[in-house]
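Undergrad: what follows is a predicted protein model with its sequence.
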Amino acid sequence: MVYAFDLDDTLYTEMDFVYSGYRVVARELAKDSDIDADIYFEGISWRRPVGFEWALDQYRRHGGKDVEMSVDKMIEIYRGHKPEIKLRPGIGRLLENLHREGHVLVLITDGSTRHQRSKIHALDIEKYFDKILISEETGGDKTTDIPWSIVEKSYAAPGQRFVYVGDNMSKDFLRPGLRGWLTVMSLDTAGVNVFPQNLSDWPPQNRPRYVVVI
């Protein structure tokens, strides 16, 4: 059996990554201005998506010494930070069990190599996966046939079955479902995912075959 997993908001909570980046930016601003890092963090978080603009204004008003500080520099700090994130409860045990039982495990995720690899490294999950597919590296995201085809060609065998576990109905389940994969949505019971999971908002072909709580 081949089990493929999404990364963001499936294996870990994506907003944890966002807040992790905000904390790093806040600490950087607080180093040479008169505002505490916690105040910067709270202001950036509550004022999304214009939190960085607010923070830059406060930085300049309260003694910020880095004349080159800008929104672009803050974005670069955010993008390059080392994430402080952890797997969702039960995910580590699930991956460990599937790996120990001899199943093939694949990670399929969209995004840049820099960002996604930093998350994967922070979560310490490389050891579980036989193959990691990032859209920037493969040349096609999950809305294309590219990642699904790569997995099928890599692990084709008589009677082989493919399962994909994701969270986002806008792109996670349509392509694999059309190709005969078993699709499973990891349900966000805490209401913290970036993308809503209301099944009635999507046509049948975008919906997963099963919904589970991991």
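TA: Looks like it arrived, so ask away.
Undergrad: ok now the helix ranked longest in the chain, how far from the chain's centre?
TA: Among the segments of the chain that qualify as a helix by DSSP state H, the longest is helix 14-30. How far helix 14-30 lies from its chain's middle: 15 Å, per CA atoms, centre = their mean, to the nearest Å.
Undergrad: then stretch 68-81?
TA: So, by CA atoms, centre = their mean, the centroid of stretch 68-81 is 20 Å from its chain's centroid.
Undergrad: that stretch - what's its average pLDDT?
TA: Mean pLDDT, stretch 68-81: 95.
Undergrad: same deal with stretch 129-147?
TA: Rounded mean pLDDT across stretch 129-147 is 98.
Undergrad: any buried residues in it, and which?
TA: If you call a residue buried by 16 or more other CB atoms under 10 Å, then stretch 129-147 has these buried ones: 129, 131-136, 140-142, 146-147. All C-beta spots, glycine's among them, are computed from the backbone N, C-alpha and C.
Undergrad: if I look at residue 18, how far off is residue 189?
TA: Using CB to CB, to the nearest Å, residue 18 is found at 20 Å from residue 189.
Undergrad: more neighbours: which of those two?
TA: residue 18 (17 against 10; other CB atoms under 10 Å).
Undergrad: look at that one and report its pLDDT.
TA: 96.
Undergrad: which other residues reach stretch 23-41?
TA: 19, 22, 44, 52, 55, 58-59, 62-66, 69, 74, 77-78, 81-82, 84 (CB atoms under 8 Å, 6 or more residues apart in numbering).
Undergrad: what subset of these is buried?
TA: Neighbour-count burial within those applies to 19, 22, 44, 52, 55, 58-59, 64, 69, 74, 77-78, 81; the criterion is 16+ other CB under 10 Å.
Undergrad: show me which of those residues is closest to residue 210.
TA: Set against residue 210, the nearest of the buried ones among the contacts of stretch 23-41 by CB to CB is residue 19 (30.2 Å).
Undergrad: where do the strands of the protein begin and end?
TA: 2-5, 104-109, 131-134, 162-166, 182-186, 210-212 (DSSP state E).
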